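# Mind looking at a prediction? Sequence and model below.
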Amino acid sequence: MRKNFLAAFAIGIGAIAVIVTGILYMQRGARVGLTGNFLKVRTAPLDENSSVAVVDFRINNPSNVRFVVRTVTLVLDDPDGNRYDGQTVAETDARRLFEFLPLLGQKFNETLVTNDTIPVRGAADKMIAARFDAPESRLDKRRRFILKIEDVDGPITEIPEK
């Protein structure tokens with residue numbers, strides 16, 4: 001009797017392990033989120049107390065669910081550990097920014113804006129420009145920038161500068 005019980009118990013545990021593994025395997029692409037990295041970071045002064053940062057980045061959507069952008073924010077992480085949200089610049093204003101600030105160089109990518117879609121298993125090269133109430137020297141002494149992208153369904157992806 002004891003041998004039969006142990007054999008049945010082992011078979012049951014094995015069957016449960018196979019079922020759980022199968023469920024996890026089938027759900028591997030269902031998590032909404034992005035991965036990415038910074039390609040280029042540029043800063044320029046606007047006046048004595050404010051400056052602008054322009055970040056070109058590449059984002060990938062490794063999931064089986066399309067990512068629709070709700071908000072995009074660039075966050076300054078300074079050496080003291082404080083975080084400051086930048087004021088995101090719209091695409092039309094970003095074009096003007098590049099025209100009037102030749103220090104920034106050429107505009108390479110389109111701005112990531114609300115309702116942009118990153119397709120399933122897709123990638124995109126995008127850009128964000130943000131104004132900070134801080135002199136350019138503070139931006140240059142930063143620990144890093146953090147790009148926060150929120151999906152319309154709620155998940156937030158944070159991509160840190162390396």
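That came in fine, so what should we check first?

# quick one: low-confidence parts of the chain?
24-32 (pLDDT under 70).

# Could you point out the longest helix of it?
Counting residues, the longest helix found in the chain (DSSP state H) is helix 2-26.

# any idea how far the helix or strand just after that one is from the chain center?
Of the helices and strands lying after helix 2-26 in sequence (DSSP states H and E), the nearest is strand 35-47. Centroid separation between strand 35-47 and its chain, computed with C-alpha atoms, centre = their mean, to the nearest Å, is 14 Å.

# and strand 35-47, which strands flank it?
Strand pairing for strand 35-47, determined by DSSP bridges: strand 50-60 (antiparallel).

# now the partner strand, how far from the centre of its chain.
Per C-alpha atoms, centre = their mean, the centroid offset for strand 50-60 relative to its chain is 11 Å.

# Quick check: can you list the domain ranges of the chain?
Annotated domains of the chain cover 1-30, 35-160 [automatic domain parsing].

# what's the most buried one of these?
Comparing those by mean neighbour count (mean count of other C-beta atoms under 10 Å), domain 35-160 comes out on top with a mean of 16. Yep, even glycine has a C-beta here, placed from its N, CA and C like the rest.

# and it, how far apart are its ends?
10 Å (C-alpha to C-alpha, to the nearest Å).

# and what of stretch 44-57?
End-to-end for stretch 44-57, by C-alpha to C-alpha: 18 Å.

# next one: stretch 127-139
So stretch 127-139: terminal residues 17 Å apart, C-alpha to C-alpha.

# coming back round to it: same for the longest helix of the chain, what does it pack against?
If you count contacts as 3 or more C-beta pairs under 8 Å, 6 or more residues apart in numbering; DSSP states H and E, helix 2-26 packs onto no helix or strand.

# And that helix, how far out from the chain middle?
Worked out by C-alpha atoms, centre = their mean, helix 2-26 lies 40 Å from the chain centre.

# got it, and stretch 57-65?
With C-alpha atoms, centre = their mean, you get 9 Å for stretch 57-65.

# what's next to that stretch, contact-wise?
The contact list for stretch 57-65, computed with C-beta atoms under 8 Å, 6 or more residues apart in numbering, reads 29-39, 67, 112, 118-128, 147, 149, 159.

# if we go to 6 Å?
29, 31-32, 34-39, 67, 118, 120, 122-125 (C-beta atoms under 6 Å, 6 or more residues apart in numbering).

# Can you tell me which of those is nearest residue 132?
Within the contacts of stretch 57-65, the smallest distance to residue 132 is 16.5 Å, found for residue 38 (C-beta to C-beta).
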